[in-house]
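Enquirer: A predicted structure for the sequence below; I have some questions about it.
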Amino acid sequence: MAAPRRVITKRRATITALPLYHSGALLKKYTGEKDFKKYYGELRGSTIFLYMDETQDTYTEKLDLHMLKSMEMDSPYVKTPTIFTLSLINEEVQLKMECPDKGEEWRGFIMTVANKEIPSKMQLLPGQIERLKQVLYDEKERLFPQTPPDLSKKSFIPCSSFLGNTQETDSPAANPPCFFDVSRQEAERMLTENPEYGNIIIRPSTSSYAVTLRQDNLSGPVFKNYRVLPIDRVLVIELDPPVTVHSLRDVLDHFLKETKYRLRPYVIPQVYDNKIEVPPMLDRSTKPVPHARVAPMIHTQTACADMPPTTPPPDPPCQTSDNNGEYIKVDVPSKPSTRPAKVDEELRTILKARRENLYKAGSHD
């Protein structure tokens, strides 16, 4: 049994970690292949993810629009199946839509995300144009998030050892989203393992900063590193000729402009839920039984089985033995008495009188 649509959509969002802009059925083939193959495509971020059908939650292929060089359409504005040819850096792909209106819509989304602007000539409805404006805004926010300035924070880590300058540099701009406190090797590893997150990482270096880029060429990915020196209250990018800027955000903007926005900052996406689910009702009819807070009474074994455990055993009686007709008192170690002194005196008087009576009775015998 296939999973519900919302479950599949949430799984895809978790796997790709990118926002969904557009989706629909399409056909695809590489240049040189004879026949088109059916896919279900999703435009998430600046990547087209291809699935075998709508029930598949793991994509089969993906097309990175950051590597798009050009996009051409066969027989434009003709009421026939629309075919696009996407010229990427390392390959050419053709996409086909049976419905021309759907093809025009796909073209609008692809060109908007790839070029960061809405195409001038589009045969779309006003509502579709508004949707493209929203997608363009969301994509720019994703790539270049605008954080409110905080004057209490520093724009970058001060390099106090550079030329003996111990004064920190102030800037109203915050660090760019692609700033990570990593080494060159760690930055290149991040760009290798997750190229869909971006191509530019700004990082600290010895007494300076550095910019690590990943560029995908026909021969494979190439990594480049550039040094940025903080001098006085400005930053100098060591290029030929050098470029002076005022913050790390300016450094990022310079590299984006020079690469014609084909590179983008490395940003780790965050996944958010888009549905509010009602939690189940909990059965609160049965109240929990309270636990006793008084420690249970522990009964200890006593010498006299017939005495209650809490009653101390009585004092041992005075023992006597018969020696030639005389009774001799046997000394028994006494315990400290807890009785009142008056009671003890009365007992002594009674015992003394009893001994005298016994002595008199023995004498008469």
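Expert: Thanks, I have the structure now. Numbering: from 1, shown residues only.
Enquirer: going forward, measure contacts between C-alpha atoms and count neighbours the same way
Expert: Noted.
Enquirer: Next one: Tyr272 from Pro19, what distance?
Expert: When distance is defined by CA to CA, to the nearest Å, Tyr272 is 10 Å away from Pro19.
Enquirer: more crowded one of these two?
Expert: More neighbours surround Pro19 than the other of Tyr272 and Pro19, with 22 against 11 (other CA atoms under 10 Å).
Enquirer: looking at it, that one is touching Ala13, isn't it?
Expert: Yes. Pro19 is in contact with Ala13 according to CA atoms under 8 Å; the separation is 7.0 Å.
Enquirer: what about the stretch 251-365 of the chain, any weak spots by pLDDT?
Expert: Per-residue confidence of the stretch 251-365 of the chain (counting by pLDDT under 70) places the weak regions at 284-341, 343, 361-365.
Enquirer: again, only this time at 80
Expert: Counting by pLDDT under 80, the low-confidence segments of the stretch 251-365 of the chain come to 271-272, 274, 282-344, 358-365.
Enquirer: tell me the contacts of the residue nearest in space to the middle of the chain?
Expert: Within the chain, one residue has its C-alpha closest to the average C-alpha position: by CA atoms, centre = their mean, that is Gln270, at 8.4 Å. When contacts are counted by CA atoms under 8 Å, 6 or more residues apart in numbering, Gln270 is found next to Ala17.
Enquirer: in what helix or strand does it lie?
Expert: Using DSSP states H and E, Gln270 falls within no helix or strand.
Enquirer: Can you get me the start-to-end distance on stretch 36-50?
Expert: For stretch 36-50, the separation between the terminal residues is 13 Å (CA to CA).
Enquirer: Buried residues, that stretch. List them.
Expert: For stretch 36-50, the buried set under the neighbour-count rule, 16 or more other CA atoms under 10 Å, comprises 38-50.
Enquirer: same deal with stretch 88-106?
Expert: Along stretch 88-106, these residues count as buried under the neighbour rule (16+ other CA under 10 Å): 88-89, 92-97, 100-106.
Enquirer: now, the most widely separated pair of the residues you listed?
Expert: Taking every pair in the buried residues of stretch 88-106 and measuring CA to CA, the maximum separation is 27.9 Å, between Ile89 and Asp101.
Enquirer: Isn't Ala187 up against Leu213?
Expert: No. Distance between Ala187 and Leu213: 9.0 Å, which falls outside the contact criterion (CA under 8 Å).
Enquirer: hmm, back to that, out of the buried residues of stretch 88-106, which is nearest to Gly220?
Expert: Within these, the smallest distance to Gly220 is 10.2 Å, found for Ile89 (CA to CA).
Enquirer: Name the nearest residue to the closest one, sequence neighbours excluded.
Expert: Nearest non-adjacent residue to Ile89, counting by CA to CA, 6 or more residues apart in numbering: Met67, 5.4 Å away.
Enquirer: What about the one you found, how many residues nearby?
Expert: Other residues within reach of Met67 by the criterion other CA under 10 Å amount to 21.
Enquirer: so where do the strands sit in the protein?
Expert: Listed in chain order, the strands found in the chain under DSSP state E are 20-30, 37-44, 47-51, 61-64, 68-74, 82-88, 92-97, 200-205, 208-217, 220-231, 234-237, 243-245, 319-323, 326-330.
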